[in-house]
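1. Compute the structure for the input listed below.
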Amino acid sequence: MSGRLQFANGFHDTANAVATVIYTNSLKPRVAVVWSGLMNLLGVILGGISVAYALVELLPPDVLTPPNGNPAVPMLVALFGTALAWNLLTWWFGIPNSSSHCTIGALIGIAIGDSFLHARALGHSVDWSQIWKVLRALFISPPLGFFLALLAYLAIRYTVRLPALYTPPKPGEKPHPVVRGLLILTCTSVSFSHGSNDGQKSIGLIMLTIIGLMPATFATNPDHPINRTELASIANTARPLIAQYDRYSFRKDALTSIDQLADPSNKASAAEIRGDLYEILSGVRDVAANPAASQDEKNTATKLAKQLRPSVEYAPLWVRILSALCLGIGTMVGYRRIVQTLGEGIGKQHLTPAQGAASEIVGAGLIATAGYTGLPVSTTHIITSGVAGTMVAAGTGVNMRTLRKIGLAWITTLPVTITISAIVFYILA
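-> Residues are numbered from 1 along each chain as shown. Next up, the predicted model:
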């Protein structure tokens, strides 16, 4: 199910990276998707894992690694079943929906379902500061993509006097060599950036799967052996900070976890240690985000989190490669519907090379910046809003019918996936 979701991500998100070069005949479809897949692979390998674990941290610790040591099957079925169903439904109708929204909505729903399951306050099971951090990036990026692509198109229009840039492509006819080179370059940039951001999200989901199914093997980093004495020392440093700023006793489990780590007689399993560390990480994240904490206290909390993470936040090379392969194969199979929507459906006039280049230059920059800062964003949202921005800048207008369909998918995805995954998780758990 994890592989199929990444495969479906390729339908949607990686297809946006190759849409312009395929639509303008700059590259043949097979060449474009293979090249995009290679750049995705490179982006995944070089992109780090901060975005991957921004998603993992949306879940309560006891959901991913249940205290009884059993596999986290309810979480995995709720997550992948919900996200995959919605992804495939929107792909079937050719709507550039966001795989990121599907996944994040499903994860939030699981956290809410866990809250109801244990009759806990929503603030106890749901890490709202982490959710707000993730959602803020998702909500801000489309308007940024629209306005920056609009400005980028105008800049190209007034500085580059090449008529071929502003003429819609003719079927089967290759564009001007300069135009072709520019579009291949922007496709390469978006593909690499996509790998460094969306590829990380895929890594996060695969890690969720293998940790949830085999906690004894993958709960902690095999390349960073657990040192209980060192971890207990770090955790004890965090205790006064967590206790001071835990105004509603939402992080009492973090204080319990500190006691368990510090107790030498406690022979905890790898899954239990992971759960304890994530409880403590949730506590120090709350301190770092608390406006009442001083800057020194926030810096200390951030430093403590950085010291705790290597034991539980990692990704083997085979996971990175699997992520890139799933994305690439999905693109090869399902790119056609999305390419047609982006090329012909968003504007009243067909997409021109300049519009494609402007939207992809902006998209690559925004996606790369988000990947560097550890924030998940939607390639689909950024590229489609960028294309719409260039249509407005060109004065050709936008196809409101298509935009309404896309907008409806954007608006409904989070509520629908949150609701479905919460119900499925609650029933199964």
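2. Pull the residues that contact the strand or helix carrying residue 63.
-> Assessed by DSSP states H and E, residue 63 sits inside helix 61-64. Under the criterion Cβ atoms under 8 Å, 6 or more residues apart in numbering, residues 56, 72, 75, 110-111, 114, 208, 211-212, 253, 274-276, 278-279, 282 lie in contact with helix 61-64. C-beta coordinates here come from the backbone N, C-alpha and C atoms, glycine included.
3. Kindly state the domain boundaries assigned to the protein.
-> 2-214+315-428, 220-311 (automatic domain parsing).
4. Quick one: end-to-end length of the last one, please.
-> Going back to what we said before, that points to domain 220-311. With Cα to Cα, to the nearest Å as the measure, domain 220-311 spans 6 Å from end to end.
5. any idea how far it is from the chain center?
-> Domain 220-311 sits 25 Å away from the centroid of its parent chain (Cα atoms, centre = their mean, to the nearest Å).
6. buried sites along the longest helix seen in the chain?
-> Determined from DSSP state H, the single longest helix within the chain is helix 177-213. Using 16 or more other Cβ atoms under 10 Å as the test for burial, helix 177-213 gives 179-180, 182-184, 186-209, 211-212.
7. Stretch 365-380 now?
-> Applying 16+ other Cβ under 10 Å to stretch 365-380 flags 365-368, 370-371, 374-380 as buried.
8. tell me which of the residues you listed is nearest to residue 40?
-> Comparing the buried residues of stretch 365-380 against residue 40 with Cβ to Cβ picks out residue 379 as the nearest, at 10.6 Å.
9. was I right about that closest one contacting residue 360?
-> No: contact criterion Cβ atoms under 8 Å: residue 379 and residue 360 do not qualify, at 10.4 Å.
10. Now for the two: what residues contact both?
-> Joint contacts of residue 379 and residue 360 (Cβ under 8 Å, 6+ apart) are 17, 190.
11. thinking again about what came up before, quickly compare the domains of the chain and say which is most buried.
-> Per-stretch averages of neighbours, counted by mean count of other Cβ atoms under 10 Å, single out domain 2-214+315-428 among these, with a mean of 21.
12. Below-threshold pLDDT in the protein: ranges please.
-> For the chain, applying pLDDT under 70 flags the ranges 4-5, 8-15, 67-71, 94-97, 123-125, 246-251, 328, 330-348, 402.
13. Can you check what angle separates the host helix or strand of residue 133 from helix 177-213?
-> Using DSSP H and E, the element containing residue 133 is helix 128-159. Interaxial angle, helix 128-159 versus helix 177-213 (axes from the mean of the first three to the mean of the last three Cα atoms, to 10 degrees): 170 degrees.
14. Which residues lie in contact with residue 212 in this structure?
-> 64, 65, 71, 72, 73, 75, 76.
15. Next one: the closest residue to it other than its chain neighbours from residue 354, what distance?
-> The shortest distance from residue 212 to any non-neighbouring residue, by Cβ to Cβ, 6 or more residues apart in numbering, is to residue 72 (3.5 Å). According to Cβ to Cβ, to the nearest Å, residue 72 stands 48 Å off from residue 354.
16. helix/strand/coil for residue 175?
-> The local conformation at residue 175, judged by DSSP: H, G, I helix; E, B strand; the rest coil, is coil.
17. ok, which stretches of the stretch 251-400 of the chain are helices?
-> Assigned by DSSP state H, counting those that start in this stretch, the helices in the stretch 251-400 of the chain fall at 252-262, 270-289, 295-308, 317-340, 353-373, 379-394, 400-428.
18. Give me the helices and strands touching the last one, please.
-> Think helix 400-428. helix 73-92, helix 99-117, helix 379-394 (3 or more Cβ pairs under 8 Å, 6 or more residues apart in numbering; DSSP states H and E).
19. let's see it at 10 Å
-> Where contact means 3 or more Cβ pairs under 10 Å, 6 or more residues apart in numbering; DSSP states H and E, helix 400-428 is packed against helix 73-92, helix 99-117, helix 128-159, helix 379-394.
20. who wins for proximity to residue 424 among those helices?
-> Counting by Cβ to Cβ, residue 424 lies closest to helix 73-92 out of these; the figure is 4.1 Å.
21. wait, doesn't residue 117 sit right on residue 426?
-> Yes: here residue 117 lies in contact with residue 426, judged by Cβ atoms under 10 Å, at a distance of 5.7 Å.
22. what sits in contact with each of the two?
-> Jointly contacting residue 117 and residue 426 under the rule Cβ atoms under 10 Å, 6 or more residues apart in numbering are residue 74.
23. Pull the contacting residues for residue 178.
-> 160, 162, 164, 165, 353.
24. how close does the fourth one sit to residue 382?
-> When you say that, I think you mean residue 165. Using Cβ to Cβ, residue 165 is found at 21 Å from residue 382.
25. same question, residue 417
-> Counting by Cβ to Cβ, the separation of residue 417 from residue 382 is 20 Å.
26. same question, residue 196
-> Distance, residue 196 to residue 382, by Cβ to Cβ: 14 Å.
27. Quickly list what's touching both of these two.
-> Applying Cβ under 10 Å, 6+ apart, one finds that residue 196 and residue 382 are jointly contacted by 367, 370.
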